[in-house]
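Visitor: Structure for the following, please:
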Amino acid sequence: MGRRLEYFVIGCLAGAALGAVAGILLAPRSGIETRRRLAARALNAAEAARVVADRAEATAEVLTQRFDHYLGREQEVAWRKVREIREGVDRYTQAQVL
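Guide: Numbering: from 1, shown residues only. Below is the predicted model of the structure:
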């Protein structure tokens, strides 16, 4: 079964490559114009990818800040509880000594 999937993937890739080459060779526009259009589309795709990457980075930064904020709060609460327990133990110990 693994071989069949491998052959299928190879066939898909080869078909896509042949289709791209055939599309370029049989395009109704000249080669120069086709290359210009492909270059323009590649630039547009790169710009769109840059915008998406910038948004993803900003979102990750906001999420990191929120996570740090909540983590810091919970850590602060935990330390406060530890101090309260420690103070309670100290009071109990002092009461037992007296």
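Visitor: burial of T34, as a residue count?
Guide: Using other Cβ atoms under 10 Å, T34 is surrounded by 15 other residues. All C-beta spots, glycine's among them, are computed from the backbone N, C-alpha and C.
Visitor: Look at it and give its secondary structure.
Guide: Using DSSP: H, G, I helix; E, B strand; the rest coil, the structure places T34 in helix.
Visitor: check contacts around it.
Guide: Taking Cβ atoms under 8 Å, 6 or more residues apart in numbering, we find T34 in contact with 24, 27.
Visitor: Which residue ranges of the protein form helices?
Guide: In the chain, the helices defined using DSSP state H lie at 2-25, 31-97.
Visitor: Could you save these as TSV and add columns showing mean pLDDT?
Guide: What follows is the helices of the chain, written out as TSV (pLDDT from 0 to 100):
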stretch	mean pLDDT
helix 2-25	81
helix 31-97	81
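Visitor: how much space between the residue positioned nearest the centre of the chain and R35?
Guide: The chain has A56 as the residue nearest its centroid, 6.7 Å off, counting by Cα atoms, centre = their mean. Here A56 is placed at a distance of 31 Å from R35 (Cβ to Cβ, to the nearest Å).
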